[in-house]
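S.K.: Turn this into a model:
(2 chains)
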Number of protein chains: 2
Amino acid sequence: MKEQKQKGIVDKRDIGKVEGENKGESSIISIDKIKRGLTSIIEERDFEQLLKSGKTLRIKLGIDPTASLIHLGHLVLIFKLREFQEIGHEVCLIIGDFTAQIGDPSGRTSLRPKLSEHEIRENAKEILIKVKRFLIEERTRVYFNSEWFKSIGTTKLFELFSKGTVAQIMAREDFKKRMQEKSPIFVHEFLYPFLQAYDSVVVRADIELGGSDQLFNLLFAREIMKEYGIPPEVCITTPILEGTDGKLKMSKSYGNYITPDEPSEDIYGKLMGVDDELIFKYAELLGGYENNELDELKKIHGFEAKTQIAFKITARLKGEKEALRAQEWFNKVIRKKEMPEEIPQIHAREGEILQKVLKEAGVVNSVSEATRLTEAGGIYINGEKVKEKFFELKKGEYKIRIGKTKFVKIIVE
Amino acid sequence: MKEQKQKGIVDKRDIGKVEGENKGESSIISIDKIKRGLTSIIEERDFEQLLKSGKTLRIKLGIDPTASLIHLGHLVLIFKLREFQEIGHEVCLIIGDFTAQIGDPSGRTSLRPKLSEHEIRENAKEILIKVKRFLIEERTRVYFNSEWFKSIGTTKLFELFSKGTVAQIMAREDFKKRMQEKSPIFVHEFLYPFLQAYDSVVVRADIELGGSDQLFNLLFAREIMKEYGIPPEVCITTPILEGTDGKLKMSKSYGNYITPDEPSEDIYGKLMGVDDELIFKYAELLGGYENNELDELKKIHGFEAKTQIAFKITARLKGEKEALRAQEWFNKVIRKKEMPEEIPQIHAREGEILQKVLKEAGVVNSVSEATRLTEAGGIYINGEKVKEKFFELKKGEYKIRIGKTKFVKIIVE
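M.R.: Prediction:
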């Protein structure tokens, strides 16, 4: 493939040098491992050729800082990047601080709400802190795409737009659907793929990684790179991870997510609550297992396998010590339905209402939260579900469990 | 209508002051005259209100300098602008030196060829010289849209694109057709209407004038102006003028045009060659007649009316004296089939070929041009059409006519 330096394209390859070298390392982690869990590789032959070339490859991932939350769905991608780094390659993290203002229409059924520059900046800051923990610092290049988009100039921008056709963009499934449903597609959304593609042109990505809902954007980037006369990136995608409910895509809006920022107990506990089937997808995408290890896991008893997977993923997120602590806690508190050793004590008087006492003690935020929890069957008194929305306390000592993990002792005088 | 000054929009209204005032003048040229020949006025009520308001209105016309030729098709618009100036209004001439690089897709069935910045600049210079002759200098503001588009910045540009939807643009007939025919629409073409609309936002046009093929762009500008919170311009369009062939739109590419840069004889002669029906459309759009004058003209004999119209239009383009000269020449040379008094003489020898002699004398550019002319029946010898592609000359004196207006005498010895 001929690689020409085109006039008028910012070339960011030369900024900084990658320190890690990949001499011989590629043999340690096999191509098979890198391929594991990918839903598509376009083109596969080019992918293998690149990996065998001995070159330090530039693996691009674009993140639009539309929110600051990083959950396991994102970590699937980050862990995949890490695998590339471990065999010596370089990660190009594109923080889409410009594109976030426009909003990626991928998979959307309507226009995204517009974020302010300040929100975007704050989100970007947090994301970088969270993500960098899982990457090898000296093999990570961070770019903000406002750097080139703010100064690109109208003429060059229109040059970019002249490299694609309306039909190419309208071929997207999400756009087709919106057109059919007469849900408006605003023209700035329509232009989004050009910007994502231009990022690839600027950083001269060898490979771009994305969720499988990004496939259109990634393939479009290939076309645009060709138009600029540079070798098209190889596109690789990972599956969309279902959330802890086992149904919907893991997402902030569905509340079915696990983030590495939660306490280890919550992470471990939530993982243990994941469906027996789905947990193997989690294992494959997040556990960092070798293929044969995964095969072994599938042979053992479901609950035991889940315990191992929950431990492994918690350890990857929080470290082994934390994972161990979480596991012990889980076995003691949840599995054996025991209470933790030290639990807070609350004093109350006879005739008071349990839900109000919990609010006053700060265990819940409001009485209505407590009544909702009661209705949902989430409050236990000495191991029995509380059924009354306004439960009157009698004299005595009670062990109260709120949700899965909160415990208090109430002494009623 | 509330007119707010929006943050971030260049407001060009304040550049320079118009010197002409329109006190009372509006009664001289009636609203009816201004309306004459227009194919659409949107909205008509707003149009009348504006004209009656006593305000100096800003009448916008956009010209993309994709070529330097100005023909009668363009002058239909320029003469309409002049009418507005004569009742005191201000013309905003937008030279689309930026948009010319993109190319208006209106009515196009394929992508326009791309022009260089130099070509555009040269075209713009020529167009301005040609067009200004027909306008009142102190009531003409000239803008180059590169002035705002080069510096608009990516964020503001995307703000502009967010104000329209894909469905709005795809509603265009020309785009629908191209989509159906699977002829690619490049995305920069797709964006063209936004730029034209933004010109209206910048100059705060009260009225925009265009050919009827511009209706989509003009209506879109109204929508975009509303989105920016400013009063939408009134859109007015003139009909498309057929060329001298009476069939196709007058256009450089069809060679069926008349330009004010031609000799008066050619203009007058070409006008006399226009179909008896079509000449009244020319009269209406280019003659500057009052309504009753036009009605009178239609009552008189076709040829006589055409003579008057050809004279009137030639006079508007070249002045009365020139028109008179052209008319005299036409009556003498063409109508009475007489030869002009002084015609060049060529000497030839017996046996020579007429078509070669004409080439050698520089009357035609090549022998093949002469044979083509012969085939088309455009060469006469003593008033008779020459039929032979290679006509052998015999001794004697011959009067040769080439086309309508070129004459030579050949003396064969």
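
S.K.: CA only for contacts and neighbour counts going forward, please
M.R.: Noted.

S.K.: what does the stretch 151-300 of chain A put close to chain B?
M.R.: A:151-155, A:158-159, A:161-167, A:179, A:184-190 (CA under 8 Å from any CA of the partner chain).

S.K.: Where does the prediction get shaky in the stretch 301-413 of chain A?
M.R.: For the stretch 301-413 of chain A, the stretches flagged by pLDDT under 70 are A:335-342.

S.K.: Excluding chain neighbours, what is closest to the residue of it found nearest chain B?
M.R.: Closest approach between the stretch 301-413 of chain A and chain B, counting by CA to the nearest CA: A:Leu317, at 37.5 Å. Using CA to CA, 6 or more residues apart in numbering or on different chains and skipping the chain neighbours, the partner closest in space to A:Leu317 is A:Pro260 (5.6 Å).

S.K.: Based on its surroundings, how many neighbours for the one you found?
M.R.: When neighbours are defined as other CA atoms under 10 Å in any protein chain shown, A:Pro260 has 20 of them.

S.K.: Repeat that for A:Arg139.
M.R.: For A:Arg139, using other CA under 10 Å, the count is 22.

S.K.: where does the closest residue to it other than its chain neighbours fall, phi/psi-wise?
M.R.: Sequence neighbours aside, A:Glu90 is the residue nearest to A:Arg139 in space, at 4.8 Å (criterion: CA to CA, 6+ apart). Dihedral pair for A:Glu90: phi -110, psi 130, per degrees, to the nearest 10.

S.K.: got a pLDDT number for A:Glu90?
M.R.: For A:Glu90, the model assigns a pLDDT of 96.

S.K.: next one: the one 3 residues further on
M.R.: We note a pLDDT of 97 for A:Leu93 in this prediction.

S.K.: Three-state assignment for it, please.
M.R.: What DSSP: H, G, I helix; E, B strand; the rest coil gives for A:Leu93 is strand.

S.K.: Verify the contact between it and A:Glu137 for me.
M.R.: No - taking contacts as CA atoms under 8 Å, A:Leu93 lies outside contact range of A:Glu137: 11.5 Å.

S.K.: Compare neighbour counts for these two and give me the winner.
M.R.: Neighbours of A:Leu93 and A:Glu137, each counted by other CA under 10 Å, are more numerous for A:Leu93; the result is 23 against 13.

S.K.: Tell me what the more buried one is bridged to.
M.R.: A:Leu61, A:Val142 (DSSP bridges).

S.K.: Next one: it from B:Glu262, what distance?
M.R.: 63 Å (CA to CA, to the nearest Å).

S.K.: sorry, back to before: phi, psi of the residue of the stretch 301-413 of chain A closest to chain B?
M.R.: phi -80, psi -40.

S.K.: I'd like to know how far it sits from A:Ile267.
M.R.: 9 Å.

S.K.: do A:Gly62 as well
M.R.: The value you get for A:Gly62 to A:Ile267, if CA to CA is used, is 26 Å.

S.K.: Mind checking which of the two has more residues around it?
M.R.: A:Ile267 (24 against 20).

S.K.: coming back round to it: what's near enough to touch the residue nearest to A:Arg139?
M.R.: A:Glu90 makes contact with A:Val18, A:Thr56, A:Leu57, A:Arg58, A:Ile59, A:Phe84, A:Arg139, A:Thr140, A:Arg141 under the criterion CA atoms under 8 Å, 6 or more residues apart in numbering or on different chains.

S.K.: Next, give phi and psi for the second one.
M.R.: Okay, so that is A:Thr56. Dihedral angles (degrees, to the nearest 10) for A:Thr56: phi -80, psi 110.

S.K.: Verify the stated contact: it with A:Cys92.
M.R.: No - using CA under 8 Å, A:Thr56 is not in contact with A:Cys92; the gap is 12.0 Å.

S.K.: For those two, indicate the residue with more neighbours.
M.R.: It is A:Cys92, of A:Thr56 and A:Cys92, that has more neighbours when counted by other CA under 10 Å, with 25 against 21.

S.K.: Off-centre distance for the helix-or-strand element of chain A with minimal mean pLDDT?
M.R.: One helix or strand of chain A scores below all others by mean pLDDT, DSSP states H and E: strand A:384-385, with a mean of 80. Here strand A:384-385 shows a centroid-to-chain-centroid distance of 36 Å under the convention CA atoms, centre = their mean, to the nearest Å.
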